[in-house]
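**Student:** Need the 3D shape of this:
(chains A and B)
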Amino acid sequence: MKHASDREIIREILNGNQELFRILVDRYKNPVAAVIKGMLGDCPEAEDIGQDTFISLFRTLANFRGESALKTYLIRIAMNLSLNELKRRKRMQAKNVNMDSPENYVQLFEKPQQENRELAESINMALAKLDSRQRSVFILRIVEGYSTKETADILHIPLGTVLSRLSRAMSEMKILLANEN
Amino acid sequence: MKIKPEIMNRKEIEKLLSLAESKSADKTEFSGFSEPAEAESKFRLLRTVRANRNEQETGFSPFFTEQVMGKINVLFNKPDIQTYLSMQFSKVFAFGFSTVILILFALYFMHGQINFSAFTGTDSGNEINFISSVFYEF
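**Tutor:** As a prediction, the model looks like this:
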C-alpha cells in the first residue's frame, strides 16, 4: 500500500482503514515542514502547526474532491495556518510582548554551514521583514520551487497577483539584503 | 532615506523566473530586459536563495508521524455513549464481582465468625469471635 496513489489511500482511509493515514503523513511531512518553517522559522510552534495541518487534512478528507493534487491541498492548509500564526504574533507584538527576539526570526536555512552562514542569516533576516503576503509567495515560488500556477492555487490568488507580489518581494529582498550588507 | 523598490513587469518576472530555473542560466544575457543590471542582480538573488535552500534539510522531529497518529486516535476515535457506558459498567461490574468473591472467601475461612453482631459488639455467644480475638491479642 506504500506505493499506492493518494486517491487509493484516501479511499481506504474513508473505508475505515485509518492507519493508512500514516503513509500520507510520511509522504508529505517534509514539504509541509519546509513551507511552515519558511514562514514561521524553526520555532516550537512550527511542529504544532505541522501537526494541525495533518489533523485538519484528516478532518476534511471526506470533502477532498481531488480538484487539485493532495500536496497542493495540504500546502494550502499549512500556509493558511502559518498565516494565522503570523497574525497571532502580530497581535501579540501589538500588545507589547517582545517578539523581536532572534529566535522569532524566520530561519529558513536551518543550521547553515559555516561558509554560507552569513548569507543564510542575511536572507533569513530579510525574509522575516517581508510582508506576510509577499513572504508566502516568495517562499512557495522561489524557495520551495512550486510553479507560478501551483503557488496561485495554493494561495487562492490569480496568477498575475503571484507575479506582482513576487516582483515586489524580490525588490524588497534586494534592498533589505543590501542594507544588511 | 527609504529606497523605492523597482518593480519589474509581469512578463519580465516570468522570463527571469524561467532563466533562474534553467540549467544554463549562468551565461544568460540580460539585454532583453528593460533594465539589464536590475534583472541580473535579481537573477543572482534568486539563484543564491535557491542554492542555499537546496543545501539545507528541513523537516520535523523523528516522532512527528507518531505524534500526528496519536492525536488523531485521541480526537477521532472517541467511543460513542453506548460503548462508553458499557465500558464503565464493565469496570464497576469487575470491581463489584471481585469484592463479593473476597467477602465470600473471608466468610468461608473465618468459619462464620464475621457477622453483624461481631462488628457491633452485641455478640452474645461464648466463643471468642475473630474481631474480639484481634482486640485480645493486644
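
**Student:** which helix is the longest one in chain A?
**Tutor:** Longest helix in chain A by number of residues (criterion: DSSP state H): helix A:70-94.

**Student:** Run through the neighbouring helices and strands of the very next helix or strand once past that helix.
**Tutor:** The first helix or strand that comes after helix A:70-94 along the chain, using DSSP states H and E, is helix A:117-129. When contacts are defined as 3 or more Cβ pairs under 8 Å, 6 or more residues apart in numbering or on different chains; DSSP states H and E, helix A:117-129 packs onto helix A:159-180, helix B:36-55. (C-beta placed from N, C-alpha, C; glycine too.)

**Student:** With mean neighbour count, mean pLDDT and distance to residue A:137 as new columns, can the ones you listed be given to me in JSON lines?
**Tutor:** Shown next, in JSON lines, are the helices and strands packed on helix A:117-129 (neighbours: other Cβ atoms under 10 Å in any protein chain shown; pLDDT from 0 to 100; distance: least, Cβ to Cβ, whole Å):
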{"stretch": "helix A:159-180", "mean neighbour count": "19", "mean pLDDT": "88", "distance to residue A:137": "4"}
{"stretch": "helix B:36-55", "mean neighbour count": "17", "mean pLDDT": "82", "distance to residue A:137": "13"}
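
**Student:** Mind putting the ones you listed into a markdown table with distance to residue A:13?
**Tutor:** Shown next, in a markdown table, are these (distance: least, Cβ to Cβ, whole Å):
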| stretch | distance to residue A:13 |
| --- | --- |
| helix A:159-180 | 32 |
| helix B:36-55 | 32 |
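
**Student:** Just list what the longest helix of chain A packs against, helices and strands only.
**Tutor:** helix A:21-40, helix A:44-59, helix A:132-137, helix A:148-155.

**Student:** Please point out which parts of the third one sit buried.
**Tutor:** When you say that, I think you mean helix A:132-137. Buried positions in helix A:132-137, judged by neighbour count with 16 or more other Cβ atoms under 10 Å in any protein chain shown: A:134, A:135, A:136, A:137.

**Student:** again, but for the last one
**Tutor:** Judged by neighbour count using 16+ other Cβ under 10 Å, the buried positions of helix A:148-155 are A:148, A:150, A:151, A:152, A:153, A:154, A:155.

**Student:** Endpoints of stretch A:132-146, how far apart?
**Tutor:** Start-to-end span of stretch A:132-146 (Cα to Cα, to the nearest Å) is 18 Å.

**Student:** An error on my part: the question was meant for stretch A:129-143.
**Tutor:** Stretch A:129-143 end-to-end distance (Cα to Cα) = 16 Å.

**Student:** Kindly provide the whole-number mean pLDDT of it.
**Tutor:** The average pLDDT for stretch A:129-143 rounds to 92.

**Student:** Pull the distance from it to the chain's centre.
**Tutor:** Centroid displacement of stretch A:129-143 relative to its chain, using Cα atoms, centre = their mean, to the nearest Å, is 9 Å.

**Student:** One more: stretch A:45-64?
**Tutor:** Here stretch A:45-64 is found 13 Å from its chain centre; the criterion is Cα atoms, centre = their mean.

**Student:** returning to what we had before: mind putting the buried residues of helix A:132-137 in TSV, distance to chain B included?
**Tutor:** Below are the buried residues of helix A:132-137 laid out as TSV (distance: Cβ to the nearest Cβ, whole Å):
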residue	distance to chain B
A:134	11
A:135	12
A:136	15
A:137	11
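
**Student:** Just give me the closest of those to residue A:34.
**Tutor:** Set against residue A:34, the nearest of those by Cβ to Cβ is residue A:136 (12.9 Å).

**Student:** The closest one and residue A:39 touch, don't they?
**Tutor:** Yes. Residue A:136 lies in contact with residue A:39 (Cβ atoms under 8 Å); the separation is 6.6 Å.

**Student:** joint contacts of these two?
**Tutor:** A:79, A:82, A:83 (Cβ atoms under 8 Å, 6 or more residues apart in numbering or on different chains).

**Student:** which one of these is nearest residue A:52?
**Tutor:** Of all the shared contacts of residue A:136 and residue A:39, residue A:52 sits closest to residue A:82, with 10.2 Å by Cβ to Cβ.

**Student:** can you pull the contacts of the most centrally placed residue in chain A?
**Tutor:** With distances taken as Cα atoms, centre = their mean, residue A:35 lies nearest the centre of chain A, 2.4 Å away. Contacts for residue A:35 (Cβ under 8 Å, 6+ apart) come out as A:75, A:78, A:79, A:82, A:139, A:140, A:144.
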